[in-house]
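Enquirer: fold the following, please.
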Amino acid sequence: MFDIGDKVWVARWQKNKQWEVCPHCLGSKYLTVIMGDKSQVTIDCTCCVEGAGRSSGKIATWDYSPDADEITLDGYEVSLSEGKKETTYRFGCSGYDNVFATKEEAIVYALAKIEQQKAEDKLKLEYNKEKAEKSWAWNSAYHLEQITGFERQIKYHKSKLAVAESHIKK
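Expert: Predicted coordinates:
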């Protein structure tokens with residue numbers, strides 16, 4: 001435990017956004033889906049859509065770099081959480097629980113957190129691919145059903161116009 005006035009190291013890490021080629025569409029922005037009858041359709045890649053936009057062919061990835069800052073503690077709080085004593089150290093208005101005696105310990109902690117974050121980033125990328133509402137098969141089947149429905153409506157409305165044409169006076 002540290003005391004007020006002690007110099008300590010706070011672990012932190014920088015998060016830098018990078019753009020990489022989408023691993024699913026390989027930058028083409030589109031996917032080819034083979035249907036059950038062996039016909040093929042091309043759809044927008046749902047993995048590289050950012051926000052409400054269209055497929056870009058690129059995905060945002062993150063590069064992390066560990067670092068540590070030396071601070072002088074000006075306070076701390078001790079609390080009980082689930083029967084366990086937890087200490088939050090204070091420097092100005094900020095509270096830290098990742099405080100260490102040496103810079104090396106802080107860097108090791110930051111590297112462990114970076115590895116944890118990279119694993120979460122990888123899971124998120126796979127989740128984007130596998131989400132039910134973004135399923136490539138569902139997406140293509142939905143649009144094919146819509147086309148079939150609209151073609152049926154067009155045929156019906158054309159038949160109604162054809163009836164009117166047969167009653168035209170000459």
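Enquirer: so for the helix or strand residue 31 falls within, what's the average pLDDT?
Expert: Element membership for residue 31 (DSSP states H and E) is strand 30-34. Strand 30-34 comes out with an average pLDDT of 85.
Enquirer: what are the pairing partners of that strand, and which direction each?
Expert: Strand pairing for strand 30-34, using DSSP bridges, gives strand 40-44 (antiparallel).
Enquirer: hmm, who's touching the strand it pairs with?
Expert: 29-35, 54-55, 136, 139-140, 143-144 (CB atoms under 8 Å, 6 or more residues apart in numbering). No exception for glycine: its C-beta is placed from N, CA and C like everyone else's.
Enquirer: got those as JSON lines, with neighbour count columns?
Expert: Converted to JSON lines, these look like this (neighbours: other CB atoms under 10 Å):
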{"residue": "29", "neighbour count": "17"}
{"residue": "30", "neighbour count": "12"}
{"residue": "31", "neighbour count": "20"}
{"residue": "32", "neighbour count": "12"}
{"residue": "33", "neighbour count": "16"}
{"residue": "34", "neighbour count": "11"}
{"residue": "35", "neighbour count": "12"}
{"residue": "54", "neighbour count": "11"}
{"residue": "55", "neighbour count": "21"}
{"residue": "136", "neighbour count": "19"}
{"residue": "139", "neighbour count": "17"}
{"residue": "140", "neighbour count": "20"}
{"residue": "143", "neighbour count": "12"}
{"residue": "144", "neighbour count": "14"}
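Enquirer: want to throw the residues you listed into TSV with distance to residue 5?
Expert: Listed next are the contacts of strand 40-44 as TSV, based on distance: CB to CB, whole Å:
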residue	distance to residue 5
29	58
30	61
31	60
32	65
33	64
34	68
35	70
54	56
55	55
136	59
139	60
140	65
143	66
144	70
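Enquirer: in three-state terms, label the residue nearest the centre of the chain for me.
Expert: Nearest to the geometric centre of the chain sits residue 124, at 5.4 Å (CA atoms, centre = their mean). Three-state assignment for residue 124 (DSSP: H, G, I helix; E, B strand; the rest coil): helix.
Enquirer: that one and residue 157, how far apart?
Expert: Counting by CB to CB, to the nearest Å, the separation of residue 124 from residue 157 is 46 Å.
Enquirer: with residue 100 instead?
Expert: 73 Å.
Enquirer: higher neighbour count, these two?
Expert: residue 100 (19 against 10; other CB atoms under 10 Å).
Enquirer: give the contact list for the more buried one.
Expert: 8, 9, 10, 11, 68, 106, 109.
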